[in-house]
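Visitor: here is my input, please return the structure:
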Amino acid sequence: MRQGRNGGKLKEGGSNGGGRPKKLPALDLIMANVMGQEKDGITAAEAIIMKLREQAAKGDIKAAQLLLERAYGKSKQNIDITTQGEKVTVPTIIFTKDADKG
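Guide: Residues are numbered from 1 along each chain as shown. Reported below is the predicted structural model:
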């Protein structure tokens, strides 16, 4: 046993017993593998996109929104967190050279 900062006793090797957790597998590699799998000449990613397109064409707004945002980007969103809708007046600052200082 070793002594802790406040005089308490600590077990050797730290308190978690297992050390640093093992690194998880790279999610991007897993996704690439799964989404790239083919069935009948179509990748899983293509099948998902085609299904979303089908649902959007039937009137599913969420599917249409997801497709459009992925294809063209999200539309600009204005968020006012400071003025509560009121106009902000920005002061004009004019810098002049002091003639007395050489």
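Visitor: quick one: contacts of the longest helix seen in the chain?
Guide: Longest helix of the chain, by residue count under DSSP state H: helix 44-57. By Cβ atoms under 8 Å, 6 or more residues apart in numbering, the residues outside helix 44-57 that reach it are 34, 35, 36, 37, 38, 39, 42, 63, 64, 66, 67. Any C-beta I mention is one placed from the backbone N, CA and C, and that applies to glycine too.
Visitor: and the pLDDT at residue 14?
Guide: At residue 14, the model reports a pLDDT of 51.
Visitor: same thing with residue 60?
Guide: 97.
Visitor: the closest residue to residue 56 other than its chain neighbours and residue 54, how far apart?
Guide: Residue nearest to residue 56 in three dimensions, not counting chain neighbours: residue 64, with 3.8 Å by Cβ to Cβ, 6 or more residues apart in numbering. Per Cβ to Cβ, to the nearest Å, residue 64 is found 11 Å from residue 54.
Visitor: do residue 40 as well
Guide: From residue 40 to residue 54 the distance is 16 Å (Cβ to Cβ).
Visitor: now do the strands in the protein.
Guide: Under the criterion DSSP state E, the chain contains strands at 2-3, 9-10, 38-39, 42-43.
Visitor: let me know the average pLDDT across the longest helix of the chain.
Guide: Helix 44-57 comes out with an average pLDDT of 96.
Visitor: perfect, I'm done here.
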